[in-house]
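# Quick one, fold the following:
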Amino acid sequence: MADTRYQYQQHQPHQLHPPHPPSRQIVKAATAVTAGGSLLVLSGLTLAGTVIALTVATPLLVIFSPVLVPAAVTLFLIFSGFLASGGFGVAAVTVLSWIYRYMTGRKPPGSDQLEQAKLKLTGKVREMKDKAEQ
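All right, here's what the predicted structure looks like:
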């Protein structure tokens, strides 16, 4: 009995997914068509709304552009200045924190590379000093 089941399984091709009944496939297709259609209708409504809003807003933008363009440039410069200032402040605090940890004897990241560079520089200075004395 076990031999016949084993032989039957050997002769059957291995299928990753068993076949679904047709009713399940129809439900999947109907769901996909409904969702796709709904999204297509929403896309069309969004496009129509955008065109209407652009049609209404264009004359206003043309009339107020002498005021809006400089205002937009000014706001951009103000916000980018604040952003740069904050970034430079964070960088300064980070560097001061690193220097404090280095000076107090803690080993901040990169301090080993700094020590190696200092030793190389000291060696080169001594070498140049010896050449200058000769």
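# What helix or strand is residue 28 located in?
helix 22-103 (DSSP states H and E).
# immediately after that helix, which helix or strand?
Following helix 22-103 in sequence order, the next helix or strand is helix 111-133 (DSSP H and E).
# what's that following helix in contact with?
With contact meaning Cβ atoms under 8 Å, 6 or more residues apart in numbering, helix 111-133 is reached by residue 102. Using the backbone N, CA and C atoms, a C-beta is placed for each residue, glycine as well.
# Specify the angle between it and helix 22-103 in degrees.
Put simply, helix 111-133 runs at 40 degrees to helix 22-103, going by axes from the mean of the first three to the mean of the last three Cα atoms, to 10 degrees.
# pLDDT averaged over helix 111-133 - what is it?
Mean pLDDT, helix 111-133: 91.
# ok, now stretch 55-67?
pLDDT averaged over stretch 55-67 gives 89.
# ok, now stretch 26-39?
Per-residue scores along stretch 26-39 average to 87.
# next one: that stretch to chain centre, how far?
Distance of stretch 26-39 from the chain centroid (Cα atoms, centre = their mean, to the nearest Å) equals 32 Å.
# For that stretch, buried residues please.
Buried residues in stretch 26-39, counted by 16 or more other Cβ atoms under 10 Å: none are found.
# got it, and stretch 125-134?
Result for stretch 125-134 [16+ other Cβ under 10 Å]: no buried residues.
# Same question for stretch 73-91.
So stretch 73-91, judged by 16+ other Cβ under 10 Å, has zero buried residues.
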